[in-house]
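Visitor: Predicted structure and sequence below. I'll ask about it afterward.
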Amino acid sequence: MAPRRKKIYEGKAKILYEGPEPGTIVQYFKDDATAGNGQKKATIEGKGVLNNRLCEFFMMGLQNVGIPTHFLRRLNMREQLVRQVEIIPLEVIVRNFAAGSIAKRLGMEEGTALPRPIVEYSYKNDALGDPLVPEEYIIAFGWANQQDLDDIVSLALRVNDFLAGVFYGVGIKLVDFKIEIGRVWDGDFMRLVVADEISPDSCRLWDIKTGEHLDKDVFRRDLGSLTDAYSEVARRLGVLPTNPEPTKPTLIN
Ligand SMILES: Nc1ncnc2c1ncn2[C@@H]1O[C@H](COP(=O)(O)OP(=O)(O)OP(=O)(O)O)[C@@H](O)[C@H]1O
Ligand SMILES: [Mg+2]
């Protein structure tokens with residue numbers, strides 16, 4: 001039996017537990033899926049396992065190219081150990097092609113290429129439905145200062161370059177994604193790191209050839225099986241362990 005752990009927070013997709021050492025937390029990936037700020041809900045068997053794996057793959061990849069993240073290591077099928085950070089209460093969204101809210105707001109057809117990657121922010125507040133906020137609000141309300149925002153934009157664009165390249169290599173178009181950024185303190189010094197998760201829950205991924213959706217829109221828009229879509233992403237990235245040959249009994253003589 002695993003030792004009892006203190007639950008810090010339970011969100012829509014993950015549970016946070018106190019980690020084994022101070023300053024660490026365990027992120028447990030649930031099978032729950034929500035859309036429209038929790039209005040649509042379901043349990044999708046296997047989603048948590050896939051997202052834990054995929055998130056590990058992206059976070060390690062980012063670290064390998066020098067982009068700091070909260071990720072420490074994967075613990076098991078559903079859990080990863082991360083550094084505890086002070087989350088900046090923003091969803092940092094990067095868009096390469098129009099889809100979802102920007103398409104609606106500006107009357108653009110989904111899939112239209114944007115002139116350059118666009119970074120936008122929404123204020124993390126479920127009760128308000130995570131409203132879009134301009135930099136002016138972020139600075140005025142003290143969620144981040146101008147220096148932080150400059151750093152956040154460059155971090156977000158580096159993550160975009162990395163992810164877009166990785167996905168392009170396996171025939172997937174990175175339409176948009178969102179990340180959360182955390183502050184890590186080293187004495188008086190503060191660094192910004194990529195926190196929370198990167199998974200098909202937080203990206204829009206379209207097959208380059210067919211345009212098929214391989215992300216949470218499959219659930220939001222009832223386009224088929226979400227686990228099939230996420231498994232396809234994992235399989236293409238080489239993240240999904242291929243089924244081992246069933247073991248045959250060995251005769252010992
Ligand atoms: N390294 C970290 N340290 C502290 N908190 C973190 C870290 N990484 C992610 N979090 C926070 O943990 C929570 C993860 O849970 P989940 O994604 O299920 O939340 P949620 O239902 O989406 O709600 P929220 O609106 O708070 O994101 C989020 O609130 C996220 O901001
Ligand atoms: Mg979340």
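Guide: Nice, thanks for sending it over. Ligands and ions are numbered 1, 2, ... in the order given.
Visitor: Spit out the contact partners of the residue nearest the centre of the chain.
Guide: A centroid search over the chain (CA atoms, centre = their mean) returns Ile198, at 2.2 Å, as the residue closest to the centre. By CB atoms under 8 Å, 6 or more residues apart in numbering, the contact set of Ile198 is Leu54, Cys55, Phe58, Met59, Leu62, Val159, Leu163, Phe177, Ile179. Using the backbone N, CA and C atoms, a C-beta is placed for each residue, glycine as well.
Visitor: Quick check: phi and psi at the fourth one.
Guide: Recorded main-chain torsions at Met59 are phi -60, psi -40, according to degrees, to the nearest 10.
Visitor: Can you tell me the closest non-neighbouring residue to it?
Guide: Once flanking residues are discounted, Met59 sits nearest to Phe71: 3.6 Å by CB to CB, 6 or more residues apart in numbering.
Visitor: Extract the C-alpha trace of stretch 199-206 and format it as CSV.
Guide: C-alpha atoms of stretch 199-206 as CSV (Å, rounded to 0.1, in the frame of the first residue of the first chain):
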residue,chain,number,x,y,z
SER,A,199,-1.0,17.3,-23.7
PRO,A,200,-3.7,16.9,-26.4
ASP,A,201,-6.0,18.4,-23.7
SER,A,202,-4.2,21.7,-24.0
CYS,A,203,-3.3,21.8,-27.8
ARG,A,204,-5.2,21.8,-31.0
LEU,A,205,-3.7,19.2,-33.3
TRP,A,206,-4.8,18.5,-36.8
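Visitor: what's in contact with it?
Guide: By CB under 8 Å, 6+ apart, stretch 199-206 touches 13, 33, 47, 50-51, 54-55, 58, 99-100, 111, 163, 167, 172-179, 196, 212-217, 229-230, 233.
Visitor: Is ligand 1 within reach of that stretch?
Guide: No - applying CB under 6 Å from any ligand atom, one finds stretch 199-206 out of contact with ligand 1, separated by at least 8.4 Å.
Visitor: what ranges do the helices span in the stretch 1-150 of the chain?
Guide: 47-64, 101-106, 135-140, 146-168 (DSSP state H, counting those that start in this stretch).
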